[in-house]
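# here's my sequence, what's the structure:
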Amino acid sequence: MNTTVLINYLMYSGCLYFLYLTGFKKLSFFLFNRIYLLSVPLLAISIAWLGSQVSSPLSDDFFLAEITLTNFISTTSAENSISWLKLIYWSGFTLMVVPLFVNSIKIYLLLAQAVKKKFGSVTYYFVNKAPGPFSFFNKIVIPDMNYTKQELELVLIHENVHKTKGHSWDNMLYYAVNSFAWFNPFTHLLAYELKQLHELEADQITIAKTSTEVYASLLLSNIFGREVNIPVSPFFNSSLIKKRITMLYKKQQSSKLKLIYLLIIPVLLVLSLHSCEKKQDNHTNREDQLKNFAEVEQPPLFDNCNKNISSEEQRECFQEGLISYIANNFEYPEMAKQHGISGKMYVKFIIDEEGKIIEPVILRGLSYKNKLEENAVKQAEKYALELIAGLPQLSPATYKGKKVAISFVVPINMKLQ
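Just a heads-up that it's a prediction; the model follows:
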């Protein structure tokens, strides 16, 4: 995913979460809040993606992975950077998904031991070893807790709300979102808010069958309200009892307060304008024609890169080819070796519409302490520019079917060993 889109997605998720906390959370219009919470991930990613399609991020220098070069063997600290990033991402994904499958198996094992019963019109499953009453999709599980008839009725009404309202599907939706976007703290927070909302919605319907005092007493005695052990978000697991009892005693709010939800419109408008905002035009004519590496349909390609593979794989092939070329052709400059010159320099270059390397320049060079070191640094920097300029001609990048130029910055870290 484009880095800009990813950053905007995180930022917009945070903005929409803050809007919920400050504008909607204290309202008792649970259906409106539920729809909002379920919509936030889609709204955030859609607005972020829309901006990448509408705006034209010109002249954004794409920073390639750092290349470390030594006076003995040329190595690349970034050679496996893409693989490491993928490993980290899929490790996080696995840590989110594994508990879901493990706990789902536990539930099905509980249900295998359950005795199917009926109370009025509600069917439930009686399980001795259940940790507490819960609903799991179309199943209501009740443990052996010596309920009175009134208590059992209230518990079943409460859990039946979860069942009929499809709250398990909400939780699974957020679990999927948090599995793929586990790095986004705001979706974890939103999932926690949705879990709270489910309980408040069930309480609101259940309390119509009894008095507030009796129902609050049942909550305090922990007779029900515990949820199935499938974490919507494993980062949060606190009690909701205090919040639920507070809402029980809250007066019915005026329907006019629903107008507050109109705040969503200007907020979404502002986020959309930010996403689609174009950068200020303060570059040269050549720079204005440059495209972003992440936006092009096909990146520049070395001869050994397959044009029929995916765009992401082509980007990886390009970066691997660049790393391989520099590592295989680098020789530590003699003067730099003699004077102990090492450090990191940033080389900017352009691959033009014909696939040629043009305008290599040092954005930030090596440091030095005296005239001799200065001359050694100049030699090293000149050598780096010649090395980049000597790249073979590539197949040019394409954007909307046209050949385009792209600028890059490659950090080269010279290390003496």
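
# and the residue lying closest to residue 220 once chain neighbours are set aside, what pLDDT?
The shortest distance from residue 220 to any non-neighbouring residue, by Cβ to Cβ, 6 or more residues apart in numbering, is to residue 241 (6.9 Å). For glycine as for every other residue, the C-beta is placed from the backbone atoms N, C-alpha and C. Residue 241 carries a pLDDT value of 75.

# ok, now how distant is the nearest residue to residue 257 once chain neighbours are set aside from residue 253?
Take residue 257 and drop its neighbours on the chain: the residue closest to it by Cβ to Cβ, 6+ apart is residue 27, 6.1 Å away. For residue 27, the distance to residue 253 equals 6 Å [Cβ to Cβ, to the nearest Å].

# if we can go back for a sec, now the residue nearest to residue 257, what's its secondary structure?
coil (DSSP: H, G, I helix; E, B strand; the rest coil).

# please enumerate the helices of this protein.
Assigned by DSSP state H, the helices in the chain fall at 3-19, 30-54, 81-112, 149-164, 167-180, 185-206, 212-220, 241-248, 264-276, 285-288, 311-329, 334-338, 371-389.

# list the buried residues of the third one.
Of all the residues in helix 81-112, those buried under the rule 16 or more other Cβ atoms under 10 Å are 92-93, 96-97, 100, 107, 110.

# ok, back up a step: what is the burial count for the residue nearest to residue 257?
Close neighbours of residue 27, defined as other Cβ atoms under 10 Å, add up to 14.

# is it in contact with residue 259, as I believe?
No. Residue 27 is beyond contact range of residue 259, at 11.0 Å (criterion: Cβ atoms under 8 Å).

# do you know how far residue 343 is from residue 138?
From residue 343 to residue 138 the distance is 64 Å (Cβ to Cβ).

# the two - which one has more neighbours?
Neighbours were counted for residue 343 and for residue 138 using other Cβ under 10 Å; residue 343 has more, 17 against 10.

# show me what contacts the nearest residue to residue 313 once chain neighbours are set aside?
Nearest non-adjacent residue to residue 313, counting by Cβ to Cβ, 6+ apart: residue 306, 7.9 Å away. For residue 306, the contacting residues are 313-314, 317, by Cβ atoms under 8 Å, 6 or more residues apart in numbering.

# so which of the residues you listed comes closest to residue 275?
The closest of the contacts of residue 306 to residue 275 turns out to be residue 314 (Cβ to Cβ; 26.0 Å).

# pLDDT weak spots in this protein?
Along the chain, segments meeting pLDDT under 70 span 1-3, 52-61, 71-83, 222-239, 278-289.

# apply 50 and report the result again.
Within the chain, the segments meeting pLDDT under 50 span 55-59, 73-79, 225-238, 279-284.

# next, the residue positioned nearest the centre of it: phi, psi?
Centroid-nearest residue in the chain, with Cα atoms, centre = their mean: residue 181, separated by 3.6 Å. Torsion angles at residue 181 (phi, psi; degrees, to the nearest 10) stand at phi -110, psi 50.

# in this structure, which strand is the longest?
Looking across the chain with DSSP state E, the single longest strand is strand 402-415.

# take the helices of the chain and lay them out in CSV including distance to residue 62.
CSV is the format used below for the helices of the chain (distance: least, Cβ to Cβ, whole Å):
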stretch, distance to residue 62
helix 3-19, 9
helix 30-54, 14
helix 81-112, 14
helix 149-164, 48
helix 167-180, 25
helix 185-206, 27
helix 212-220, 55
helix 241-248, 47
helix 264-276, 20
helix 285-288, 13
helix 311-329, 10
helix 334-338, 27
helix 371-389, 14
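
# to residue 129, which of the ones you listed lies closest?
Proximity to residue 129 (Cβ to Cβ) singles out helix 81-112 among the helices of the chain, at 6.6 Å.

# who are the packing partners of the closest one?
strand 122-127, strand 139-143, helix 167-180 (3 or more Cβ pairs under 8 Å, 6 or more residues apart in numbering; DSSP states H and E).

# neighbours of residue 358, how many?
Residues within reach of residue 358, counting by other Cβ under 10 Å, total 13.

# cool, the one 4 residues further on as well?
When neighbours are defined as other Cβ under 10 Å, residue 362 has 18 of them.

# show me which of the contacts of residue 306 is closest to residue 295.
residue 314 (13.6 Å).

# what's near enough to touch the closest one?
Contacts for residue 314 were tallied using Cβ under 8 Å, 6+ apart; they are 298-299, 301, 305-307.

# now residue 165, nearest residue through space, not along the chain?
Nearest non-adjacent residue to residue 165, counting by Cβ to Cβ, 6+ apart: residue 201, 6.7 Å away.

# distance check, that neighbour against residue 162.
Applying Cβ to Cβ, the value for residue 201 to residue 162 is 9 Å.

# just residue 329 next, same as before
64 Å.

# cool, and residue 40?
21 Å.

# neighbours of the residue nearest to residue 198 when sequence neighbours are not counted, how many?
In space, not counting the residues next to it along the chain, residue 198 is nearest to residue 167; the distance is 4.5 Å by Cβ to Cβ, 6+ apart. Neighbourhood size, residue 167 [other Cβ under 10 Å]: 23.
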